[in-house]
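A.B. asks: Curious how this folds, go ahead:
(one chain, ligands or ions: 2)
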Amino acid sequence: MSLVNIEDFHVKLIMVGGKGGVGKTTCASAIALKLAMDKRKVLIISSDPTPSLSDIFEKEVGDRETRVHDEYELYALEVSSEIVLKRWKERFGPEIYEVISSFASIDYDFVDYIGSAPGIEEEYMLNFIMELVEGGSYNVVVWDTAPAGHTLRLLKLPELFLAHMEAATKFYMNMYGYLEKIKDAVKLKESKRTLLEIIAGWESLSEKIVAFIRNPEAVKYLIVTIPEALGVKLTGRVLSELEENQLKVENIIVNNVVKDEDCEFHRKRKAMQDHYIDFLKNTYNNKNIFLLYCAPYEIKGVERIMEISRALFP
Ligand SMILES: Nc1ncnc2c1ncn2[C@@H]1O[C@H](COP(=O)(O)OP(=O)(O)O)[C@@H](O)[C@H]1O
Ligand SMILES: [Mg+2]
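C.D. replies: Ligands and ions are numbered 1, 2, ... in the order given. Sure, this is the predicted structure:
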């Protein structure tokens, strides 16, 4: 069973998760490169607050889609909080303002205030990714996510998202029952839309995101871990949270595996790792477990990434 079926053109988004430092960026880059070599136009995007795509591809990436391979159509993007918040503001600012200013006297700055609420950024991230995927500029997007805790919060998004938008317009929501009754009277000044129509728009966007992230044909979730107690523990947590949210994980990459017992140190290390590898295999016997050996060097530059691709797609 292959890690990702390279021939499957239904796959639009591959999400790589796991705790910090286990090799997410390395594996995401190797998968992205493999897909690009297969004549796909690929975008690898990192939402890690300390992104390292620039380091691994040895090319300045930043918040613009940047081509990172001369021959293949491989692009990279590091999204910052600022960019996500800016997009959020462009998308929702006018509507939030429209809603609230229709019954309260507020400055447009109020939108910034709402945007600074905790969670907004992560909540908007999925929409950002969905737009990239659906925008059609790329055949497939590989998402190198932020370390686990961050990502988990993010995946609760669809429900949270709406809750947040509602909280943002709490004023309005408090009067919801009342406004419902006088619906026609609360037609907005400039547009012909009612407040309820705007809220309904947010609701349907939230539903669209849920449908998008739960489409198992288009979106594949992959966890990277290491064969150590902490890695195994976190994997369990991430998996159950993903699955509670009806997001199915098919593949787990176990990285940094010791290959040869060529000395006492490696023999001991391998014995330790074997214990956790067996545990993972037994516990997740319905998933594909891939072992990725620890290379004697760091993974930096396209040549080294290519070696990881070959290991992941033998
Ligand atoms: N299989 C491997 N062999 C050797 N070094 C690796 C391997 N996988 C990852 N690394 C190294 O480990 C470090 C962390 O990997 P990285 O992909 O940046 O982790 P994450 O994105 O999960 O924080 C990097 O320096 C990378 O080069
Ligand atoms: Mg990383």
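
A.B. asks: Measure how buried the closest residue to Y284 other than its chain neighbours is and give me the count.
C.D. replies: Excluding the flanking residues, the one nearest Y284 by Cβ to Cβ, 6 or more residues apart in numbering is I252, at 6.2 Å. Heads up, the C-betas are built off the backbone N, CA and C, glycines and all. By other Cβ atoms under 10 Å, the residues close to I252 number 23.

A.B. asks: pretty sure A32 is in a helix, no?
C.D. replies: Yes: A32 forms part of a helix when assessed by DSSP: H, G, I helix; E, B strand; the rest coil.

A.B. asks: give me every residue that touches it.
C.D. replies: By Cβ atoms under 8 Å, 6 or more residues apart in numbering, A32 lies in contact with 42-44, 74, 142.

A.B. asks: and what of H69?
C.D. replies: By Cβ under 8 Å, 6+ apart, the contact set of H69 is 33, 36, 57, 302.

A.B. asks: Most proximal residue of this protein with respect to ligand 2?
C.D. replies: In the chain, the residue that lies nearest ligand 2 is T25 (3.3 Å; Cβ to the ion).

A.B. asks: mean confidence score for the strand or helix carrying that residue?
C.D. replies: In the assignment (DSSP states H and E), T25 maps to helix 24-37. Averaged across helix 24-37, pLDDT comes to 97.

A.B. asks: Likewise for stretch 68-87?
C.D. replies: Taken as a whole, stretch 68-87 has a mean pLDDT of 90.

A.B. asks: ok, and for it, which residues are buried?
C.D. replies: 68-69, 72-79, 83-85, 87 (16 or more other Cβ atoms under 10 Å).

A.B. asks: Kindly report the same for stretch 261-270.
C.D. replies: So for stretch 261-270, counting by 16+ other Cβ under 10 Å, buried means 269-270.

A.B. asks: Now find how far off-centre that stretch is within its chain.
C.D. replies: From the chain centre to the centre of stretch 261-270 is a distance of 36 Å (Cα atoms, centre = their mean, to the nearest Å).

A.B. asks: got it, and stretch 47-64?
C.D. replies: Distance of stretch 47-64 from the chain centroid (Cα atoms, centre = their mean) equals 15 Å.

A.B. asks: For E298, list the residues it contacts.
C.D. replies: Going by Cβ under 8 Å, 6+ apart, E298 touches R304.

A.B. asks: wait, is it part of a strand?
C.D. replies: No: looking at E298 with three-state DSSP, it is coil, so not inside a strand.
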